[in-house]
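Engineer: What follows is a predicted structure for the sequence shown.
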Amino acid sequence: MDALNLLMDGFAGALTPMNLLWVVVGCLLGTAVGVLPGLGSSMAVALLLPMTFALDPTAAFILFAGVYFGGLFGDSTMAILMNTPGQGSAIASTFEGHKMAKDGRAPQALATAAIGAFIGGMVASVVVVFLAPRLADFSANFGPAEYFALALFAFVATSSVVSDSAVKGLASLVLGLGIATVGIDAISGSERFTYGSANLFDGISLVTVSVAVLALGEVLHVASRIRRNPAAHQMKVTGRPFLSRAELKEAAPAWARGTAIGLPFGVIPVGGAEVPTFMSYDLERRIDRRRPNPMFGKGAIRGLAAPEAAGNATTGTAMGALLALGLPVSATAAIMLAAFQQYGLQPGPLLFDRAPELVWALLASFFIAMVVLLVINLPFAQLWAKLLLIPSQYLYAGITVFCGLGIYATSGAVFDLLLLLGLGVLGFIMRRHGVPVAPLLIGMVLGPLAETSLRDGLLSSNGDYSIFVTGPIPLVLYGLLFIVLALTVRSKIVNRARRDV
Amino acid sequence: MTVYGVVAAAVIGVAAFFSFQSATAGSDIRANLTLIAPAGAGGGWDTFMREQQQAMRANSLVNNSQVVNIPGAAGTIGLGQLSTMEGQANTLMVTGAGLVAGVAQLDSAVTHDDVRPIARVVEEYDVVVVPADSPYETIDELVADWRANPAEVAWTGGGTFDQLVMTELALEAGIEPSKTTYIPKSGGGEATQALITGTADAATSGYMDVADQIEAGRLKALGMAAPQRLEGVEIPTLTEQGFAVDLANWRAVLAPPGITDEEFAELRTLLEESVATPEWQKAVERNKWTEVYLAGDEFDAFMASEQERIAQLVEEIS
């Protein structure tokens, strides 16, 4: 129980009035920035980086922890209310969350998201406290072969979003894979689909695409139909203010499953929390289909609860990976790494020995930040939901402005605004023709992961493909993949056979 | 409601007035200075500029300074922007070996000849590392295997600069760079991870990024790509082990084109004052930089030779 004692010391260090103030400031700031579309916590931490010159390290990192988790609580708010994810990890929350909001259950959706984020983050923090030193061993098992198997597995594991209409779903997926290839290829240095424009050399960011196709696409869709049936677009806000006991019971297993899926992903650097959120969304959807009364597509509370918990569980353990490995798993973590270096501290295996007071105070502040955020977000859920009372023409105009603002703030380039507009039109066309946008976003997340790991693996083995089937983790993943495929095929055949009879 | 409106209007009005006032005063270098980091927040160039800002602010060298990040295309987008800021003397941008490489690699239309380089300020060095359980104990053992089978030894690194150092080592060892295997990663953390998972056999990485991993015994350092040993660091240089690899990751400061010679001289004076401050000295120590201030004709010659040297290395890679 050594870790427990150290954590208690950490609480003693973190619970000074001044540090508590910083936690609250960080949480409020993080939530505020997270709420703005396109602006995630990475932006907020980057803007606060100069603060490190004025604050002592403990206070600064406690402030950052507040911002870090605040961003995660905040990004789902607009995802639910306006279909506008604050950052990549909130994309999966838009699918069912926004439907709940449209259905007049915005306060419940926001509460579900807040509680999910709280549970995921709490469990992740506990894992980090007790296992951080051992995370290093776990992540050492993950080479390109494992990533490639994981990416393939994730493709299949998220395929339920495609299967409503296989042709349209696959078209959308391929479009996403295509967008993801834009930019300079890191390995060969050749340009792909950049048309010589330096603005495209770094590729098209997932945030730009998701804000464009989800939010702007929605705005254009509403605008195109606003004269035909205005009442249909005015969202209802008649729901009860909080979750009922039945709803809590409904969401509970989804929170647990989402957390379980999210936890391991924080340690392995697959680039952010998008993959586990999609996977947990898909799992809930599959489970939902087997129920007598499927809720997905109509605003299923589980379809929101699981990705929220998964996203925060991943981000929580990602922080552990940063501390114990010096490995920045997300953009925010990368900026926090820079902040550590400002103080002459290098996250990594030695940090726990060199600056224990700082590390444990930081870990303790995670817990404090979670509690503060839950306290801030639950009452605010009703307040936020009031946003939907704004008449739709003003509301959607506001969304458009904030979309542009968020994208411009991260890149400062007019080009990205034009890109946003173009992709928004694409999103509109897709909506108009009933092409799902989720596969596009999943393709953008998983495509580069699969490609990079495949090529890294082949480079490392000097062209020998057998590297992908050596080692236990890939074999287990391929085994699972095979079982899932076999079961899917079987159920299709059985269904068809029944129908024919 | 009206009360709020009046208060809001007053606040906005006052803020707008002061912001306008400070903006119009901005033609003077000492009044308002923009520091451009041609990369996102948190990276090496960003750190450099934020430390500069802090040194200038703490010593009131400039009245008002802000760091602007212009990320994209290995920094060439930032360079392109600077080249259009004709005559805007209150602007500085940081550059480095990585940006020179970026210009060569991307065949950028704008080069360092289109702006006004002021001075080189600091540099840092790469170190050749292998995982702790690697069979290689010395650089000679590693190079011997590498020479025998260039493609079999997989290298990695955190950026283009690291790949250039590997390329220079290959050339020194008589290995055809095009036959080598290099797995690009973004950042020293990912490169370390690639070594530890066994994806790559060796890496070139900034010393700061891997110093703790070396000390913790997870990585072994075989040689430092530096002209001489760093103070307090036991790692031998590659040069003393028979490989003249000393490509340094230097940082220099640029001014926009079209400024007068007086303005250029004023910017140079400002920079010299700033690097002499105790805040800057502490920043140098904290970031494990090596001070290599160089300005004037010698610096111009240095820039010319580095551009040529790096362009050749980039040529070797592609």
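Structural biologist: It's in. Predicted model only: the values in this text are computed from it and were never measured.

Engineer: can you give me the helices for the stretch 201-350 of chain A?
Structural biologist: Per DSSP state H, counting those that start in this stretch, the stretch 201-350 of chain A carries helices over the ranges A:206-210, A:217-225, A:230-233, A:245-265, A:274-289, A:301-325, A:331-342.

Engineer: out of the ones you listed, nearest to residue A:483?
Structural biologist: helix A:274-289 (13.2 Å; Cβ to Cβ). The way it works is simple: take the backbone N, C-alpha and C, and place the C-beta from them, glycine included.

Engineer: Now do the buried residues in the closest one.
Structural biologist: Residues A:274-285, A:287-288 are the ones in helix A:274-289 that count as buried (16 or more other Cβ atoms under 10 Å in any protein chain shown).

Engineer: That one packs against which elements?
Structural biologist: In terms of contacts (3 or more Cβ pairs under 8 Å, 6 or more residues apart in numbering or on different chains; DSSP states H and E), helix A:274-289 is packed against helix A:91-102, helix A:144-157, helix A:245-265, helix A:301-325, helix A:438-460.

Engineer: Of those, flag the one that's most buried.
Structural biologist: helix A:301-325 (a mean of 31; mean count of other Cβ atoms under 10 Å in any protein chain shown).

Engineer: I'd like the distance from that helix to the chain centre, please.
Structural biologist: Relative to the chain's own centre, helix A:301-325 is displaced by 8 Å; criterion: Cα atoms, centre = their mean, to the nearest Å.

Engineer: same question, stretch B:151-165
Structural biologist: Mean-position distance between stretch B:151-165 and its chain equals 17 Å (Cα atoms, centre = their mean).

Engineer: same thing with stretch B:123-140?
Structural biologist: Relative to its chain's centre, stretch B:123-140 lies at 22 Å (Cα atoms, centre = their mean).

Engineer: list the buried ones in stretch B:259-277?
Structural biologist: Applying 16+ other Cβ under 10 Å to stretch B:259-277 flags B:259, B:263, B:266-268, B:270-271, B:274-275, B:277 as buried.

Engineer: For residue A:473, which residues are in contact?
Structural biologist: A:141-142, A:145-146, A:149 (Cβ atoms under 8 Å, 6 or more residues apart in numbering or on different chains).

Engineer: which parts of the helix or strand in which it is found are buried?
Structural biologist: Assigned by DSSP states H and E, residue A:473 belongs to helix A:472-500. Of the residues in helix A:472-500, A:474, A:477, A:481 count as buried by neighbour count, 16+ other Cβ under 10 Å.

Engineer: Run a quick check on residue A:367 versus residue A:118, I expect a contact.
Structural biologist: No. In this structure residue A:367 lies outside contact range of residue A:118 using Cβ atoms under 8 Å: 10.7 Å.

Engineer: quick one, which of these two is more surrounded?
Structural biologist: Higher neighbour count among residue A:367 and residue A:118: residue A:118, with 23 against 19, using other Cβ atoms under 10 Å in any protein chain shown.

Engineer: Leaving out sequence neighbours, find the closest residue to that one.
Structural biologist: residue A:374 (4.6 Å; Cβ to Cβ, 6 or more residues apart in numbering or on different chains).

Engineer: Flag every residue of the stretch 51-200 of chain A that's near chain B.
Structural biologist: A:53, A:139-144, A:184, A:186-187, A:189, A:198-199 (Cβ under 8 Å from any Cβ of the partner chain).

Engineer: From those, which one has the minimum pLDDT?
Structural biologist: Lowest pLDDT of those: residue A:53, 66.

Engineer: sorry, back to before: identify, from the buried residues of stretch B:259-277, the entry nearest to chain A.
Structural biologist: residue B:277 (13.4 Å; Cβ to the nearest Cβ).

Engineer: what's the spacing between the closest one and residue B:284?
Structural biologist: Per Cβ to Cβ, to the nearest Å, residue B:277 is found 11 Å from residue B:284.

Engineer: cool, residue B:64 as well?
Structural biologist: For residue B:64, the distance to residue B:284 - Cβ to Cβ - is 24 Å.

Engineer: same deal with residue A:21?
Structural biologist: Taking Cβ to Cβ, one finds residue A:21 at 33 Å from residue B:284.

Engineer: same thing with residue A:413?
Structural biologist: 32 Å.

Engineer: can you pull the contacts of the residue nearest to residue A:118?
Structural biologist: Residue A:374 sits next to A:114-115, A:118 when contact means Cβ under 8 Å, 6+ apart.

Engineer: and the strand or helix carrying it, how far out from the chain's middle?
Structural biologist: Using DSSP H and E, residue A:374 sits in helix A:356-385. The chain centre lies 18 Å from the centre of helix A:356-385; the measure is Cα atoms, centre = their mean.

Engineer: Toward the C-terminus, what is the element adjacent to that helix?
Structural biologist: Past helix A:356-385, the next helix or strand by DSSP H and E is helix A:392-411.

Engineer: Using PyMOL, define a selection of the buried residues within the residues of the stretch 51-200 of chain A next to chain B.
Structural biologist: The PyMOL command for the buried members of those (criterion: 16+ other Cβ under 10 Å) is given here:
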select buried, chain A and resi 53+139+140+142+143+144+184+198+199
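
Engineer: Quick one: the residues of the stretch 51-200 of chain A next to chain B as JSON lines, columns for secondary structure and distance to residue A:72 too.
Structural biologist: Output for those, formatted as JSON lines (DSSP: H, G, I helix; E, B strand; the rest coil; distance: Cβ to Cβ, whole Å):
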{"residue": "A:53", "secondary structure": "helix", "distance to residue A:72": "26"}
{"residue": "A:139", "secondary structure": "helix", "distance to residue A:72": "21"}
{"residue": "A:140", "secondary structure": "coil", "distance to residue A:72": "27"}
{"residue": "A:141", "secondary structure": "coil", "distance to residue A:72": "27"}
{"residue": "A:142", "secondary structure": "coil", "distance to residue A:72": "23"}
{"residue": "A:143", "secondary structure": "coil", "distance to residue A:72": "29"}
{"residue": "A:144", "secondary structure": "helix", "distance to residue A:72": "29"}
{"residue": "A:184", "secondary structure": "strand", "distance to residue A:72": "31"}
{"residue": "A:186", "secondary structure": "coil", "distance to residue A:72": "28"}
{"residue": "A:187", "secondary structure": "coil", "distance to residue A:72": "32"}
{"residue": "A:189", "secondary structure": "coil", "distance to residue A:72": "35"}
{"residue": "A:198", "secondary structure": "helix", "distance to residue A:72": "33"}
{"residue": "A:199", "secondary structure": "helix", "distance to residue A:72": "29"}
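
Engineer: Right, I'll leave it there.
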